[in-house]
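Trainee: could you work out the structure for the sequence below:
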Amino acid sequence: MKPAPFKYVLASSLDHALALKAEHGDEARFLAGGQSLIPAMNFRLARPSVLIDINGLTSLAGIDRPEAGQVRVGALMRYRALERDGEFLRSCPLFADALPHIAHPQIRNRGTIGGNLSHADPASELPALAVAMQAKMRIRSAAGGRTVAASDFFAGLLTTDLASDEMLVDITYPVLAPRSGACFMEVARRRGDFAIAGVAAVVTLDEERRCASVRLALCGVGETPVDAGAAALPMVGSRVTGESIDAVAAGVRELIAPSGNVHASADYQRHVAGELVRRAIRTAHQRISHAA
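Mentor: As a prediction, this is how the structure comes out:
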């Protein structure tokens with residue numbers, strides 16, 4: 001339960017942190033909240049030779065609006081700070097549903113959104129939210145920067161598009177559009193456990209109250225967050241009804257390929273995912289009516 005020896009460096013600036021990462025590459029890891037990294041180091045599942053502490057980089061901890069209809073969240077924003085930001089939760093209500101499901105208050109006090117997304121655990125809630133909301137990930141290295149769509153950021157189990165010298169510095173989310181409703185739901189063995197299955201849904205209606213779009217992303221049922229929007233395409237252009245919601249749920253069950261685990265068989269995960277899709281779409285649609 002002790003980590004392998006490592007060198008600790010406190011980064012004095014973003015440029016300093018990126019220069020260290022460029023120098024050490026895969027041998028270095030960034031330390032933010034440490035809620036996934038430190039346990040992995042203690043079990044020696046992760047053995048970085050250099051730990052770069054970026055907690056002092058306050059420029060990465062904030063929320064702003066770069067353009068109308070967008071919210072940009074710094075990678076060092078802690079879950080607890082997001083939970084307590086009413087304006088942010090009104091703009092991005094999926095977070096209001098999802099954040100309380102993340103672990104326990106002690107972990108939410110320290111864990112960061114950038115660390116969560118960079119860790120890329122497919123059972124985690126925030127990667128599914130990023131895909132459902134079509135977030136944009138801004139990435140920096142000592143050599144420059146780039147922006148990646150959330151759907152392209154998650155490459156596999158605990159794997160992202162980040163190169164060995166790069167850092168996720170912020171995430172831009174669209175605010176909830178007019179005539180839209182959102183809902184996140186999950187099922188876990190116990191409060192705070194990783195999800196057996198979870199779903200993020202965003203439903204938008206047109207001026208005639210017909211379905212204009214449905215965004216769906218699932219966690220816990222694949223090696224990455226699963227973009228299930230294709231299963232909802234038959235609903236677009238028509239009224240949202242119980243029958244159309246049932247058809248989407250059936251389509252999601254056919255789309256996903258969960259592997260099962262010690263807590264749930266693949267068939268059970270598929271069943272739960274379909275039921276959650278049904279409930280999440282219905283709730284998101286009801287929330288539009290309540291807001292109208």
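
Trainee: show me the shaky parts of this protein.
Mentor: By pLDDT under 70, the low-scoring segments of the chain are 289-292.

Trainee: okay, strands next: where are they in it?
Mentor: 7-10, 28-31, 50-53, 63-64, 70-74, 136-141, 144-149, 154-156, 159-160, 167-174, 180-187, 197-205, 211-219, 226-227 (DSSP state E).

Trainee: deepest of these, which one?
Mentor: strand 197-205 (a mean of 27; mean count of other Cβ atoms under 10 Å). To be clear about C-beta, it is placed using only N, CA and C from the backbone, and glycine gets the same treatment.

Trainee: got the angle for that strand vs strand 211-219?
Mentor: Using axes from the mean of the first three to the mean of the last three Cα atoms, to 10 degrees, the inter-axis angle of strand 197-205 relative to strand 211-219 is 170 degrees.

Trainee: hey, C-alpha coordinates of strand 197-205 in CSV?
Mentor: The C-alpha coordinates for strand 197-205 follow below in CSV (Å, rounded to 0.1, in the frame of the first residue of the first chain):
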residue,chain,number,x,y,z
ALA,A,197,-25.4,1.4,-16.2
GLY,A,198,-26.1,5.1,-16.6
VAL,A,199,-27.6,7.4,-19.2
ALA,A,200,-27.5,11.1,-20.1
ALA,A,201,-30.3,12.3,-22.2
VAL,A,202,-31.0,15.7,-23.8
VAL,A,203,-34.3,16.2,-25.7
THR,A,204,-35.1,19.3,-27.8
LEU,A,205,-38.5,20.1,-29.4
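
Trainee: point out the other helices and strands that it packs with.
Mentor: Contacts defined by 3 or more Cβ pairs under 8 Å, 6 or more residues apart in numbering; DSSP states H and E place strand 197-205 against helix 93-98, helix 125-132, strand 180-187, strand 211-219, helix 266-291.

Trainee: mind running it again at 10 Å?
Mentor: Contact here means 3 or more Cβ pairs under 10 Å, 6 or more residues apart in numbering; DSSP states H and E; on that basis strand 197-205 packs against helix 93-98, helix 125-132, strand 180-187, strand 211-219, helix 242-255, helix 266-291.

Trainee: what pairs with it, parallel or antiparallel?
Mentor: Taking DSSP bridges as the criterion, strand 197-205 pairs within the sheet with strand 180-187 (antiparallel), strand 211-219 (antiparallel).

Trainee: can you get me a residue count around the closest residue to Ser244 other than its chain neighbours?
Mentor: Leaving aside its chain neighbours, Ser244 sits nearest to Met235 (4.8 Å; criterion: Cβ to Cβ, 6 or more residues apart in numbering). Applying other Cβ atoms under 10 Å, we find 21 residues neighbouring Met235.

Trainee: who's in contact with Met235?
Mentor: Listed by Cβ atoms under 10 Å, 6 or more residues apart in numbering, the contact set of Met235 reads Val203, Arg210, Cys211, Ser213, Val214, Thr241, Ser244, Ile245, Ala247, Val248, Gly251, Ile281.

Trainee: how about those in a markdown table, adding distance to Arg80?
Mentor: Formatted as a markdown table, the contacts of Met235 follow (distance: Cβ to Cβ, whole Å):
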| residue | distance to Arg80 |
| --- | --- |
| Val203 | 29 |
| Arg210 | 39 |
| Cys211 | 35 |
| Ser213 | 32 |
| Val214 | 31 |
| Thr241 | 39 |
| Ser244 | 38 |
| Ile245 | 34 |
| Ala247 | 39 |
| Val248 | 34 |
| Gly251 | 36 |
| Ile281 | 29 |
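
Trainee: point out the most buried one among the helices and strands packed on strand 197-205.
Mentor: Comparing those by mean count of other Cβ under 10 Å gives helix 125-132 as most buried, with a mean of 28.

Trainee: for it, what is the distance to the chain centroid?
Mentor: Relative to its parent chain, helix 125-132 has a centroid offset of 3 Å by Cα atoms, centre = their mean, to the nearest Å.

Trainee: using PDB, write out every CA atom in that helix.
Mentor: Extracted C-alpha coordinates of helix 125-132, given in PDB (Å, rounded to 0.1, in the frame of the first residue of the first chain):
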ATOM      1  CA  GLU A 125     -20.600   9.800 -15.200                       C
ATOM      2  CA  LEU A 126     -18.700  12.800 -16.600                       C
ATOM      3  CA  PRO A 127     -17.400  11.300 -19.800                       C
ATOM      4  CA  ALA A 128     -21.000  10.300 -20.700                       C
ATOM      5  CA  LEU A 129     -22.100  13.900 -20.000                       C
ATOM      6  CA  ALA A 130     -19.400  15.300 -22.200                       C
ATOM      7  CA  VAL A 131     -20.400  13.000 -25.100                       C
ATOM      8  CA  ALA A 132     -24.200  13.700 -24.700                       C
END
